[in-house]
Each structure stands twice: as C-alpha cells, then as structure tokens.
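Student: generate a structure from the sequence data that follows.
(one chain, ligands or ions: 1)
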Amino acid sequence: MTEPDQRNGRTGAGDRAGEPLVEARALRKAYRGKGGRGDFTAVDGIDFEVRRGEAFGLLGANGAGKSSTMRMIACVSPASGGSLRVLGRDTAADGAYIRSRLGVVPQDDSVDTELTVRENLLIHGRYFGLPRKVVRGRADELLEFARLTEKADERVEALSGGMRRRLTIARALVNEPEIVLLDEPTTGLDPQARHLLWERLFQLRQNGVTLILTTHYMDEAEQLCDRLVVMDGGRIVAEGSPAALIERYVTREVLELRFEPAEHRALVDKARELVDRAEELPDRLLLHTDDGEATLAAVHARGITPVTALVRRASLEDVFLTLTGRSLVD
Ligand SMILES: Nc1ncnc2c1ncn2[C@@H]1O[C@H](COP(=O)(O)OP(=O)(O)OP(=O)(O)O)[C@@H](O)[C@H]1O
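Tutor: The predicted structure is shown next:
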C-alpha cells in the first residue's frame with residue numbers, strides 16, 4: 001500500500017519514539033446514578049502512559065472500564081477526576097485539537113451502509129476540511145491499504161463484517177492520525193477476517209502509528225500489543241508486555257485436566273496437591289507447572305484418571321485468571 005504514515009513525510013516512530021503520547025494520572029470516570037442511585041465509578045483512579053510508536057492494550061472483561069477510558073482519550077467523554085494528557089495537551093482544554101489528530105474505530109461500525117465504500121471515505125475526509133483532491137487521493141490509498149479497492153464502488157450493505165471493519169479502520173486514517181484508538185477491533189469476526197485485520201494493524205504499527213486498543217481476547221492482546229494494562233473493576237491490576245506478564249504471574253506451562261463429572265470433586269482435590277498453584281474452573285482444572293509432561297506423569301502415578309489432559313504454554317488468559325480469579329470470556 002501507500003504507507004499511510006509516510007505519505008506526509010513521516011517515517012514511523014523515528015527519533016521521537018518513546019515520547020509519551022498519552023499520560024493518565026489518577027484518572028477517574030463516574031456516571032451519574034439514575035433514580036436516586038449514587039454515582040457509579042467505572043474508572044477508579046488509574047495511571048498509565050502510552051509511548052509514541054507502540055501498540056498499547058487495555059485488556060479486561062466486560063464492564064472493566066476499557067471503553068470508558070477510551071472515550072476519555074478520544075475526548076468524547078470528560079474525565080471526572082485526575083488528569084489526562086494526549087499529544088502533550090490536556091483533554092479538558094484542548095479536545096478539538098486532540099480529536100483532529102486521532103483516528104477512532106468505535107466498537108460498532110458506524111459507516112453509512114447506504115453509501116459506497118469510497119463515498120464513506122470521501123465524506124469523512126471532508127469532515128476534516130481536507131481539499132477534495134487530497135481526499136480523493138487519500139481514499140484511493142486507504143482502499144488499497146484496507147484491501148477494498150475492488151469493492152470501492154459497492155454499497156457498504158453488501159460487505160462482509162470483516163470488510164466493514166477494515167473500512168472503519170481506513171476511515172479512521174483519513175486525517176493521517178498520530179494515534180488510532182480501536183475499541184474491540186475484532187469482536188464478532190470469523191478467524192480469517194480477524195487475521196487479516198491483525199495483519200493490517202500490524203502494518204500500521206510498522207509504519208509508526210501509535211495504536212491503543214481494547215480487547216477481551218487474550219490472543220489478540222498477545223499478537224498485537226507491545227505493552228498492556230489488565231483492568232478489573234475500573235482499576236489497573238497489572239501492566240507490562242505480554243511476555244513479561246506471563247513470566248511474572250504464571251508458570252511456563254499449564255496442564256489442563258477434565259474429569260468425569262461424578263469424579264470431578266474428588267480428583268480435583270487430589271490433583272491440585274501436586275502443584276503450588278492451580279485454578280479450578282467449572283469444567284476443568286488448570287495446574288500451573290514448569291514441566292507439563294512431568295506433572296502429567298505425576299498425575300497418572302497418583303492414580304488420577306482424567307478424561308482428557310492437555311499441556312499448553314501459559315497465556316494471558318492464565319494471567320487474568322490468576323489476578324482476578326475469573327475467566328476473561330464471560
Ligand atoms: N454512559 C454510562 N452510564 C452509566 N454507566 C455506564 C455508562 N457507560 C458505561 N457504564 C458502566 O461502566 C462500567 C464500565 O463500562 P465500560 O463500557 O467502560 O467497560 P468495558 O470494559 O469497555 O466493557 P465492554 O467490553 O462491555 O464495553 C460498566 O459497568 C457499564 O455498565
């Protein structure tokens with residue numbers, strides 16, 4: 001493609017890489033309670049920084065406060081407390097400037113389904129006051145980037161979910177933003193569409209665009225994020241690269257055991273004695289171990305008979321479970 005970030009002479013993160021583009025200090029968001037109920041605190045005093053050129057993730061279950069945080073960064077929802085600076089400016093004072101330098105991909109595709117793919121890009125470009133000729137050229141480049149050139153003159157209603165999502169991302173790039181915010185970018189997409197989208201986002205990151213995304217998919221966070229915060233109940237409970245979080249909070253491997261329902265209770269109690277850390281889910285037991293095969297041998301030696309046994313690499317899902325006692329997926 002024509003690299004979105006190189007069209008205007010920017011060459012990726014460059015020598016300003018690492019400069020903080022988002023700085024949140026004791027950031028709060030409270031929603032006014034309805035019908036006499038008290039205020040509800042959705043974001044409860046969080047601190048984080050996002051640096052230029054990185055892909056930064058907010059990972060958490062539904063209701064953790066991820067979208068509320070994103071809306072504050074996007075300057076569409078005011079903070080209730082603390083401070084939030086984006087691109088070196090205060091979101092409370094300079095919302096219009098910040099919005100003009102951001103690309104926003106909301107949770108629901110808000111593209112106009114009655115218009116063609118190209119028309120959606122042209123109209124969005126005009127919102128930013130760009131000259132017609134510039135917008136036309138940029139639309140062509142973005143169609144290519146989003147792998148939508150062949151669909152340019154079709155109405156959006158004829159597109160698949162994955163194509164719509166790519167169009168929403170292309171649209172968010174019309175103003176050549178320095179930061180792109182993506183709220184649950186691949187929710188509802190099939191695996192092939194997800195992978196194509198990840199590939200496009202990876203390309204953007206390669207071009208030096210700073211990405212901030214929310215997700216409740218741990219594989220997405222592992223694939224895309226250089227660094228992430230884990231959110232739970234409006235707070236940040238951990239921060240780091242996916243690899244660092246896995247190393248800090250869980251062991252190298254996990255042995256997953258499933259038992260006959262009638263034997264589940266007794267065998268779970270017996271098996272968890274074999275390791276220092278185990279997590280029990282309704283349908284299985286997860287044993288945290290540095291050597292899954294050796295632990296499985298110990299399980300058999302104890303006379304414990306699982307219906308299935310699986311040794312796998314520990315993941316962010318295990319980190320989340322360890323930190324919150326709950327599974328990421330509802
Ligand atoms: N406008 C609002 N008014 C009142 N409560 C809200 C509002 N928006 C969000 N909330 C509540 O704030 C909490 C956090 O919501 P938020 O959407 O930020 O979470 P999330 O982590 O993004 O979850 P999801 O993945 O479901 O979007 C939830 O309990 C939600 O019901």
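Student: for my notes, confirm Arg265 occurs in a strand.
Tutor: No: looking at Arg265 with DSSP: H, G, I helix; E, B strand; the rest coil, it is helix, so not inside a strand.
Student: and it, how many neighbours?
Tutor: Arg265 has 11 neighbours, counted by other Cβ atoms under 10 Å. The way it works is simple: take the backbone N, C-alpha and C, and place the C-beta from them, glycine included.
Student: who's in contact with the nearest residue to Leu121 once chain neighbours are set aside?
Tutor: Spatial nearest neighbour of Leu121, excluding adjacent residues (Cβ to Cβ, 6 or more residues apart in numbering): Ala139 at 4.0 Å. By Cβ atoms under 8 Å, 6 or more residues apart in numbering, the contact list for Ala139 reads Arg118, Leu121, Leu122, Gly125, Val174.
Student: for this protein, give me the ranges with low pLDDT.
Tutor: Low-confidence segments of the chain, defined by pLDDT under 70: 1-17, 34-36, 328-330.
Student: domain parsing for it?
Tutor: 14-242, 251-313 (automatic domain parsing).
Student: wait, which of these is closest to Thr324?
Tutor: Nearest of the domains of the chain to Thr324, taken as Cβ to Cβ: domain 14-242 at 4.8 Å.
Student: okay, and the residue nearest to Leu121 sits in which element?
Tutor: helix 132-145 (DSSP states H and E).
Student: could you point out which element follows that helix?
Tutor: helix 161-172.
Student: about what we covered before: next, the angle from the helix holding Ala139 to helix 161-172.
Tutor: On the basis of axes from the mean of the first three to the mean of the last three Cα atoms, to 10 degrees, helix 132-145 is oriented at 140 degrees to helix 161-172.
Student: CA atoms only: put helix 132-145 into PDB for me.
Tutor: Extracted in PDB, the C-alpha atoms of helix 132-145 (Å, rounded to 0.1, in the frame of the first residue of the first chain):
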ATOM      1  CA  ARG A 132     -11.400  17.400  -2.400                       C
ATOM      2  CA  LYS A 133      -8.400  16.400  -4.500                       C
ATOM      3  CA  VAL A 134      -6.400  15.500  -1.400                       C
ATOM      4  CA  VAL A 135      -9.300  13.400   0.000                       C
ATOM      5  CA  ARG A 136      -9.700  11.600  -3.400                       C
ATOM      6  CA  GLY A 137      -6.100  10.600  -3.500                       C
ATOM      7  CA  ARG A 138      -6.000   9.600   0.100                       C
ATOM      8  CA  ALA A 139      -9.200   7.500  -0.300                       C
ATOM      9  CA  ASP A 140      -7.500   5.500  -3.100                       C
ATOM     10  CA  GLU A 141      -4.500   4.800  -0.900                       C
ATOM     11  CA  LEU A 142      -6.700   3.800   2.000                       C
ATOM     12  CA  LEU A 143      -8.800   1.500  -0.200                       C
ATOM     13  CA  GLU A 144      -5.600  -0.200  -1.200                       C
ATOM     14  CA  PHE A 145      -4.400  -0.400   2.400                       C
END
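Student: what's the offset of it from the middle of its chain?
Tutor: Mean-position distance between helix 132-145 and its chain equals 27 Å (Cα atoms, centre = their mean, to the nearest Å).
Student: for that helix, which positions count as buried?
Tutor: Of the residues in helix 132-145, Val135, Arg138, Ala139, Glu141, Leu142, Leu143, Phe145 count as buried by neighbour count, 16 or more other Cβ atoms under 10 Å.
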